[in-house]
Every structure is written in C-alpha cells, then in structure tokens.
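**Student:** Pasting the sequence and the predicted model now:
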Amino acid sequence: MAQTEKFVLNMGPQHPSTHGVLQVQVELDGENIAGAKPVMGYLHRGIEKLMESKTYAQCVPLTDKLDYVSAMNNNLGFCLAVEKLAGIEVPERAQFIRVICAELNRIASHHVFIGSLTNDLGSATGMIYAFRDREKILDLFNIICGARMSCHYPRIGGVAADAQEEFFKLTQEFIDYVPQMLDEYDKLFAGNEIFQARMKNTSIISRKDALRFGMSGPNLRASGVEYDIRKIDKYSSYDKFDFDIPVGTTGDNWDRYMVRINEIKESAKIIQQAMDNMPDGPFMAKVPKMFKPPKGEAYHRVENTRGELGFYIVSDGTTKPYRVHIRRPSFINLQALDHMCKGMLLADAVTAFATIDPLMGEVDC
Amino acid sequence: MEIVDVVPPMLKDNVIVTSVDALFKWGKANSIWPLSSGLACCSIEMMCAAASRFDLARFGYEVFRSCPRQSDLLIVAGTLTWKMTPPLIRLYEEMPEPKYVIAMGNCNIGGGPFSDSYSVVTGLDQIMPVDVYLPGCPPRPEALIDAMLKLKKRIQHPELAAGSEEAREKSRQALREMTDGEPVAEKVE
C-alpha cells in the first residue's frame, strides 16, 4: 500500500515573490497546501528601541523605514501621535498638504502592489506599467521634499516646507491622468482571463474570519467590512473631504485587488478636493527647538496603505520618548496567511501572499 | 628582406586584434547578471532601476536571476540583520566565480540610521568582500546605474581598481622605496 507523508517546503528568505525577507514554511500534501507558517524577523531592525535614544524630531525619519513604500503615511502617524501628546494645533494648510501627500503615497504604494502581484502571477509586463506610473508620483515627492522614497516631509507641527505652485500644477496633471491609467490597468489585468482565473474565488477570507484575525485596511474591506480610520477618527481634516470606502463582497484575491484599484480612484478624489480648497496660511505650527512634550502617553492611529497603523508613545517629560510601540498592520494581516493558503494549490500561495501585501520592514519593524 | 603585407585591405578595416583576456573581460563587464535579492527599502529602488524609466537593460544588466547559480552579481539592497546573515552568505557562496558584490545603501556601508541597533550588521564588509560601495538612503536608481558602470570599469581594468591586490602591491612598493627597504606594515591603508 502506498504511503504518503507531508512535505515541508521552505519559501524564502530569498525568494522572488516573498517581497523581502520572509520565510514561509509551506506544508504540502501533494500539490495542496496543508499549512503555511511564516517565519519572521529577518529584517528586525529594532526601530522601537532605537526611538528611545533619539529625540522626537529624530524619530520621524526612522518611521520612513517601517513601511518604506508609503513613508508619508508613517511620518504622518508618528507626527500626529506626538502632536496629540503635546497638544499642538497644526495649521490647516499643513493638514491639507499632508492629506495630499498621504493620498499620493497611497496610490504609489498600490502601484507597488499591482506591480508585484502581476509579477508574481507571471507577467513581468505588469510591473513595468505600474512602476512607470509610480515614477510620476515619485517625481512629485522629489519636488516637494527632495526625496523619492524616504520622504520625511511631515514634521512635528506641520510640514517641512511649503508646497509650491509647480507641485500643485503637476499633481493636477497626475490626477487628470488617473482615469486613463486605471483604464489601461483594467484592459491589461482585470480583463485578462488568466488573471481572473487565478484571482477569483481563491484564498477567501470571510467577514467573520477577517475580523477574528484583527485584519485592517484593504484586506479587511475586501471581506465586506466598511472600516476606515479616515472616516472613523477624521484625523488631519479628513472630515472635510467627500469620499467613499470601497468594499468587496466575497473576500477573495479578486476583491482585494479591486478594492485597491477603487481606492486609487477615491484617493484621487480626495487630492482633487484638497487642491481645490487649499487654504492659505502658515505651513508649520510654532514648535520649540528643544521640544519637550509633557509627561503622559498618547496613541494615535492612521489609515496606512496596509491598514491601521498606530503609534503609542509614552513620554517622561524629556526630549526623548520613554517608550514607543508601533501597531503595524502588515504584521497582523500576515496572520491570515495560513488560513488563506490552506486547501489551495501551491501556486496560489504566491497569489495569496501578494494580495495580503505585507511589507517586511513593517512586519519585523 | 622585403616585407610583404599579406593581409587584404578589406580585412584590415573589419578585424580588431586583441588578447583573449581583454575580450573575456569586455564580455564579462557588459553582461552582468544580478541576483534578484532585495532585503529592504533599497530593493524597491533596485526594481525601479530595472523598470521602464531607468531601464538597466540599456547597459545589458537587466537579466535579474532568482537563482544564485545563474548570477554573478550580488546587489545587497537594504539593511542586513544578523538573522539574515547566514542565508546571505549561503547565497554568496552558491554563486559561481567570478562574482561581485555591490553594497547598496548606507545600511550596508556602516549601519546607516540603524548603526546603534542591536540586530543590524554595521557594514557588509564584515561579512563578505565588497566591490562597490553605493551610498544613499536609499540611493536613487541613477546612482545604482553609476555603481554598475563603476563595477564594469573594475572588471575591465582590475589592476587599476582601488583596493585591488595589484594596487595594494604598488603602494607597498612605493612605501618600500620611500623607506629605503625598511620593513613596512603588511597592511597599507
């Protein structure tokens, strides 16, 4: 009688579709996956600990490295937490510029998602298209802060420098380009039969499971939960903009892709409104050079590209934080990997992994 | 004795005479296959360099391989932690000779912003020999292209590259001459 036993396959830490240094121990029963265990820590840089030895202003660039494809959102989250702790009122113009940058970065991050997803599905062409459009946003960041990825543009109390006319002009050009860009993506990917076959009804997470795993961001919304911190907390004057929360129905890979595509549309809508109603005024609140927030603690969360990013800061009244804890969405979303992969084929593990869209810098912190 | 030119004039215009070594180096320097191994932030810029705008393919370096056995350049793109070190050394050792290493980003030069961290390797050269150091946090794709071209020069003219054995021997020789044959320290900085 033939005997079968489970086979453990190591994916990573060096694997073209693990998006960084993640090791996944895939337990295989023939071609079917019986379990997928992520092994993390290959990029643990001790950011939380490093922050304890740096002043508040010096901590902001470290947050760039958390989720390195959406640095603006991380900076924003940390700055908002510090501002909450110290009770700093941010000028409205700074808030609007922050919103524009955060939403632009959300689009840029979804470009990386689309690029890496299509690359993992075996079409390197997709990556070329997504990165071509991402360059347009990186150019805007280049104008506004001089950096492409590690922006460090939102600072404690406002933004580093005022946005110039040229930035608004080019941002408008990009916003006008977005519908055409999404049309092209629809023709390239969404209309593709192979793409649909690989994405539809694979790696389903039900609404209940998504909540049980504590997921957030587009992954949660794809399962049909209308949960967006931008709507709930209304931080950084998000209440002044009119936008919808795209949600999915089944929670399969296809929904996770479509939610992100629709999010690009909503982000473009927010940017358009922010530019139309851009208030005048200062771009920076008065923050003392020797910045010492009062004793106490504060938690602030923002809707990062990947979900709910929270910063918990404990201050002992000195120039440096006593303790910083970061609630990283990728880390928590990654828990669902095992659930998503079970019962699927080995090739689907790659797709499931790409649609969770974790970033190892954030997972390992 | 009369010298007769037997080479027909047409051939003279079309044939270049060179040594096998120079030809080999020329081919090697213009067809580097990098290993597609990204560790952190810099890997996104590495992907940008391979994508449409910067287009590393113009220089013949676009063939990113997923397997170390097929590649001859290791671009260490991103922060290297002590946990990642054994797999990275294994990747390096699996690559066939001749192989080259680019230390991309400040993290790989001296730890960068994480130099105080307990888990980060402060400098790739503690782990493996490095050919080109590329500073930046992260370096722009243009900078990566520049590093690849520096590597190309290094492959074509290894005797001129700073830090090569030949260059070190030359500086030792110069020092010996300066000190009239007195023994000098083995390692010349």
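**Tutor:** Great, that's in hand. Numbers count the residues shown, from 1 in each chain, chains lettered A, B, ... in the order given.
**Student:** Can you name the residues that contact A:Gly307?
**Tutor:** By CB atoms under 8 Å, 6 or more residues apart in numbering or on different chains, the residues touching A:Gly307 are A:215-220, A:329-330, A:332-333. Any C-beta I mention is one placed from the backbone N, CA and C, and that applies to glycine too.
**Student:** redo that, cut-off 6 Å
**Tutor:** Listed by CB atoms under 6 Å, 6 or more residues apart in numbering or on different chains, the contact partners of A:Gly307 are A:216-217, A:329.
**Student:** which of those residues tops the neighbour count?
**Tutor:** A:Pro329 (29 neighbours; other CB atoms under 10 Å in any protein chain shown).
**Student:** Now do it against chain B, distance only.
**Tutor:** 18 Å (CB to the nearest CB, to the nearest Å).
**Student:** Quickly find the element holding A:His300.
**Tutor:** Assigned by DSSP states H and E, A:His300 falls within strand A:296-304.
**Student:** now the strands: where do they sit in the stretch 1-150 of chain A?
**Tutor:** In the stretch 1-150 of chain A, the strands defined using DSSP state E, counting those that start in this stretch lie at A:7-11, A:23-29, A:32-39.
**Student:** Packing partners of the second one?
**Tutor:** On a contact count with 3 or more CB pairs under 6 Å, 6 or more residues apart in numbering or on different chains; DSSP states H and E, strand A:23-29 meets strand A:7-11, strand A:32-39.
**Student:** how about 7 Å then?
**Tutor:** Counting contacts by 3 or more CB pairs under 7 Å, 6 or more residues apart in numbering or on different chains; DSSP states H and E, strand A:23-29 packs against strand A:7-11, strand A:32-39, helix A:346-356.
**Student:** mind exporting it as CSV, just the C-alpha atoms?
**Tutor:** Output in CSV follows, covering the C-alpha atoms of strand A:23-29 (Å, rounded to 0.1, in the frame of the first residue of the first chain):
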residue,chain,number,x,y,z
GLN,A,23,10.4,32.7,5.1
VAL,A,24,7.3,30.7,4.7
GLN,A,25,7.3,27.1,5.7
VAL,A,26,4.7,25.5,3.4
GLU,A,27,3.5,22.1,4.4
LEU,A,28,2.4,20.3,1.3
ASP,A,29,0.1,17.3,0.8
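**Student:** Pairing partners for it, with directions?
**Tutor:** Applying DSSP bridges, strand A:23-29 is found paired with strand A:7-11 (antiparallel), strand A:32-39 (antiparallel).
**Student:** Quickly compare the ones you listed and say which is most buried.
**Tutor:** Each of the strands paired with strand A:23-29 was scored by mean neighbour count; the highest is strand A:32-39, a mean of 18, by mean count of other CB atoms under 10 Å in any protein chain shown.
**Student:** would you turn the strands paired with strand A:23-29 into a markdown table with mean pLDDT and distance to A:Ile128?
**Tutor:** Shown next, in a markdown table, are the strands paired with strand A:23-29 (pLDDT from 0 to 100; distance: least, CB to CB, whole Å):
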| stretch | mean pLDDT | distance to A:Ile128 |
| --- | --- | --- |
| strand A:7-11 | 88 | 25 |
| strand A:32-39 | 89 | 29 |
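**Student:** Give me the three-state assignment for A:Leu170.
**Tutor:** Following DSSP: H, G, I helix; E, B strand; the rest coil, we place A:Leu170 in the helix state.
**Student:** With B:Asp5 instead?
**Tutor:** coil.
**Student:** any idea how far it lies from A:Ile175?
**Tutor:** 70 Å (CB to CB, to the nearest Å).
**Student:** average model confidence for stretch A:78-96?
**Tutor:** Mean pLDDT, computed over stretch A:78-96, is 91.
**Student:** same question, stretch A:168-182
**Tutor:** Average pLDDT, stretch A:168-182: 93.
**Student:** and it with chain B, contact?
**Tutor:** No: applying CB under 7 Å from any CB of the partner chain, one finds stretch A:168-182 out of contact with chain B, separated by at least 13.9 Å.
**Student:** buried set for that stretch?
**Tutor:** Neighbour-count burial for stretch A:168-182, counted by 16 or more other CB atoms under 10 Å in any protein chain shown, picks out A:168, A:170-171, A:174-175, A:178, A:181-182.
**Student:** between those, which is nearest A:Tyr299?
**Tutor:** Nearest to A:Tyr299 out of the buried residues of stretch A:168-182 is A:Thr171 (CB to CB; 31.6 Å).
**Student:** I'd like to know how far the nearest residue to that closest one once chain neighbours are set aside sits from chain B.
**Tutor:** Computed as CB to CB, 6 or more residues apart in numbering or on different chains, the closest residue to A:Thr171 that is not its neighbour in sequence is A:Leu140, at 5.8 Å. Look at A:Leu140 and chain B: by CB to the nearest CB, they are 14 Å apart.
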